[in-house]
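Asker: Turn this into a structure:
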Amino acid sequence: MRYVVIAVLVLIIASLGSALFYMVTDHGGSKRMVKALAVRVGLSVALFLFLMASYYFGFIPGRL
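Answerer: A predicted model of the protein is given here:
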């Protein structure tokens, strides 16, 4: 479970980095930056829903 969350966080940061790269190199000539940011938002929402479902089903304890 921990590794899944870490992997998704790494993917989110990689998508943000690629959006920065496209912003610098394309100079507004393509939609690749928008797509990279949309992927980042999608991954963030998916991670949030995954964590909420994990808590609901008891995979994450409420108290330590």
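Asker: could you give the mean pLDDT of the helix or strand harbouring Ala14?
Answerer: Per DSSP states H and E: Ala14 is located in helix 2-26. For helix 2-26, mean pLDDT is 94.
Asker: next structured bit after that helix?
Answerer: helix 32-56.
Asker: Using the three-state scheme, assign Phe59.
Answerer: Here Phe59 is recorded as coil under DSSP: H, G, I helix; E, B strand; the rest coil.
Asker: That one is in contact with Met1, isn't it?
Answerer: Yes: if you go by Cβ atoms under 8 Å, Phe59 and Met1 touch, sitting 6.1 Å apart. Using the backbone N, CA and C atoms, a C-beta is placed for each residue, glycine as well.
Asker: re earlier: quick one: the helix holding Ala14 to chain centroid distance?
Answerer: With Cα atoms, centre = their mean, to the nearest Å as the basis, helix 2-26 stands 7 Å off its chain's centre.
Asker: Likewise for stretch 23-41?
Answerer: 15 Å.
Asker: just stretch 37-49 next, same as before
Answerer: On Cα atoms, centre = their mean, the centre of stretch 37-49 falls 4 Å from that of its chain.
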